[in-house]
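Chemist: No letters, just coordinates:
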């Protein structure tokens, strides 16, 4: 008797060693570009940021009891606040150690806020949490996160440094490489339905784009694949990350860093909640296929998730890494490949830490062309947005309800409009700048609470009476 084997790994399942390594590399590939980009934009050291990402992920997984399969990477929500302290204006330049250390203090204190909120939420029933963070808020935030990254995905297609006389040709071929990567990744995802390779569509798409970029580079003499990345001494095999510590902070910057960075933790909670709800949906969908009697109550672990997030910020901030969050790109990859194994993420974290020390590994990752990353990002960022829709569908959100429409509309326009209308996604307001996604989340929560005031629910007695009336009607109809 033959049975259809369901491909995929649940959080407590472990792939064999070879598969484990390949799955882990796939997770690293999708988190690497955004995590490194935050370091380049804020003046933090790239090697330290990479190490902090892996280390914080391990701490997150351990403190959450290996129950929540999430990967910790650098958060975009903190960029403007951190830059206001580091003073970096030129892409890829390093900030002074004293400025980075001052920002670290703000980051660590923001972690304490996440932990405090997490401890509070652990004492609150899920029903009350969903009144503050209903699917109209968390689903909309997930959509905003995905779509706000659309510009980043598309601009990567033409992001290559070449002489002026090669710019036009490089851009044209960059688009072709992006499209080849995107199409191949989608084809692998859709048509590889069974077996080991069906769980590697992102890695296979990357390899296809990478090889195609090598061929195009050989024909056109355009260095799409670069094995001599700027700022990395390729003559060294082993390099220690540039760690900085809070006690190195410039005293005059400590107060401003705390005021600028610490409060952002509150604004990132809806984002983290949306990620957790996405994960809950996809993990339990696979669980139903493999073992209908087994349920993973991931959404109920929101408090634990925030505690893990806060710990991640503290350990990352202590050694000189940016503030972070659980990554939507990794969740997208897990949902596409149906691979939610905790051990895969732990392996990815360890390999990421090794990359920060070993120059050849760092160079190998940096050699991936931006055009290839763009092709993967178009797919992954779109999936993040689609997961927001799935949250609202799974929770049966009434899209004809005026209150729901109002909350969703406010979040989408402030989140997406603010991300694209203003530089760096920072909305100017009364002499200050507000992060678009965080602002959208807070406004969505406030509108949801305000519009919930004085909404009368149908009395329980009426429902009983209506039910009795329906039963009497059915009896009369049967008698007739």
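Modeler: Received, thanks. Owing to the predicted nature of the structure, the values given are computational and were not obtained by experimental measurement.
Chemist: Run through the residues that contact residue 436.
Modeler: Applying C-beta atoms under 8 Å, 6 or more residues apart in numbering, we find residue 436 in contact with 148, 414, 415, 416, 417, 418, 419, 422, 425, 426, 427. For every residue, glycine as well, the C-beta is placed using N, CA and C.
Chemist: for residue 363, same thing?
Modeler: So residue 363 contacts 227, 229, 232, 234 (C-beta under 8 Å, 6+ apart).
Chemist: go on, residue 273?
Modeler: Going by C-beta under 8 Å, 6+ apart, residue 273 touches 133, 138, 141, 302.
Chemist: name the element the second one belongs to?
Modeler: With elements delineated by DSSP states H and E, residue 138 resides in helix 135-148, which encompasses its position.
Chemist: Please identify the buried residues of that helix?
Modeler: Using 16 or more other C-beta atoms under 10 Å as the test for burial, helix 135-148 gives 135-148.
Chemist: Secondary structure class of residue 241, three-state.
Modeler: coil (DSSP: H, G, I helix; E, B strand; the rest coil).
Chemist: Find the nearest non-adjacent residue to it, please.
Modeler: residue 47 (4.0 Å; C-beta to C-beta, 6 or more residues apart in numbering).
Chemist: Greatest separation within the contacts of residue 436: which pair is it?
Modeler: The distance between the two most remote of those (C-beta to C-beta) is 14.3 Å, for 416 and 426.
Chemist: which residue ranges form the helices in the stretch 101-250 of the chain?
Modeler: Under the criterion DSSP state H, counting those that start in this stretch, the stretch 101-250 of the chain contains helices at 126-132, 135-148, 150-155, 167-191, 201-220.
Chemist: All the strands of the stretch 351-480 of the chain, residue numbers only.
Modeler: With strands called from DSSP state E, counting those that start in this stretch, the stretch 351-480 of the chain shows them at 426-429, 432-435.
Chemist: Deepest in the core, which of these is it.
Modeler: Of these, the one with the most neighbours on average (mean count of other C-beta atoms under 10 Å) is strand 432-435, at a mean of 18.
Chemist: chain center to that strand: distance?
Modeler: 21 Å (C-alpha atoms, centre = their mean, to the nearest Å).
Chemist: quick one: low-confidence ranges for the stretch 151-300 of the chain?
Modeler: 230-231, 267 (pLDDT under 70).
Chemist: Report the contact partners of residue 278.
Modeler: 142, 328, 331, 335, 387, 388, 390, 391.
Chemist: how about the nearest residue to residue 383 once chain neighbours are set aside, what does it touch?
Modeler: Using C-beta to C-beta, 6+ apart and skipping residues adjacent in sequence, the residue nearest residue 383 is residue 332, 4.0 Å away. Residues near residue 332 by C-beta under 8 Å, 6+ apart: 30, 379, 380, 381, 383, 384, 387.
Chemist: Just the angle for the one helix or strand the first one maps to relative to helix 201-220, thanks.
Modeler: Meaning residue 30. Taking DSSP H and E as the definition, residue 30 sits inside helix 17-42. Helix 17-42 runs at 70 degrees relative to helix 201-220, counting by axes from the mean of the first three to the mean of the last three C-alpha atoms, to 10 degrees.
Chemist: Buried residues in the next helix or strand after helix 17-42, which are they?
Modeler: As assigned by DSSP H and E, the chain's next helix or strand after helix 17-42 is helix 46-63. Neighbour-count burial for helix 46-63 flags 46-61, 63 (criterion: 16+ other C-beta under 10 Å).
Chemist: Can you list the helices and strands that helix 46-63 packs against?
Modeler: If contacts are counted by 3 or more C-beta pairs under 8 Å, 6 or more residues apart in numbering; DSSP states H and E, helix 46-63 sits against helix 17-42, strand 72-74, helix 302-319, strand 324-326, helix 342-357.
Chemist: give me that answer again for 10 Å
Modeler: helix 17-42, strand 72-74, helix 97-122, helix 302-319, strand 324-326, helix 342-357, helix 359-366 (3 or more C-beta pairs under 10 Å, 6 or more residues apart in numbering; DSSP states H and E).
Chemist: Spatially nearest residue to residue 186, not counting backbone neighbours?
Modeler: Leaving out its chain neighbours, the residue that sits closest to residue 186 by C-beta to C-beta, 6+ apart is residue 379, at 6.3 Å.
Chemist: Run a quick neighbour tally on the one you found.
Modeler: Neighbours of residue 379 under the rule other C-beta atoms under 10 Å: 22.
Chemist: didn't it look like it was pressed against residue 182?
Modeler: Yes. The pair residue 379 and residue 182 passes the contact test of C-beta atoms under 10 Å, sitting 6.0 Å apart.
Chemist: what residues are shared contacts of the two?
Modeler: 153, 205 (C-beta atoms under 10 Å, 6 or more residues apart in numbering).
Chemist: Who are the contact partners of the closest residue to residue 8 other than its chain neighbours?
Modeler: Leaving out its chain neighbours, the residue that sits closest to residue 8 by C-beta to C-beta, 6+ apart is residue 338, at 3.1 Å. By C-beta under 10 Å, 6+ apart, the contact list for residue 338 reads 6-10, 198-199, 282-283, 285-286, 289-290.
Chemist: pLDDT value on residue 338, please?
Modeler: On the pLDDT scale, residue 338 is placed at 89.
Chemist: what do you get for the one 5 residues further on?
Modeler: The predicted structure scores residue 343 at 96 on the pLDDT scale.
Chemist: tell me the SS of the nearest residue to it once chain neighbours are set aside?
Modeler: Nearest non-adjacent residue to residue 343, counting by C-beta to C-beta, 6+ apart: residue 14, 4.8 Å away. In terms of secondary structure, residue 14 is coil; the call rests on three-state DSSP.
Chemist: I'd like to know how far residue 14 sits from residue 21.
Modeler: Per C-beta to C-beta, to the nearest Å, residue 14 is found 12 Å from residue 21.
Chemist: list the residues that contact both of the two?
Modeler: By the contact definition C-beta under 10 Å, 6+ apart, residue 14 and residue 21 are jointly contacted by 344, 347.
Chemist: How many residues are close by residue 78?
Modeler: 28.
Chemist: That one against residue 313, yeah?
Modeler: Yes. Using C-beta under 10 Å, residue 78 makes contact with residue 313 at a distance of 9.3 Å.
Chemist: Need the residues touching each of the two.
Modeler: Residues touching both residue 78 and residue 313 (C-beta under 10 Å, 6+ apart) are 106, 107, 110, 261, 265, 268, 322, 323, 324, 325.
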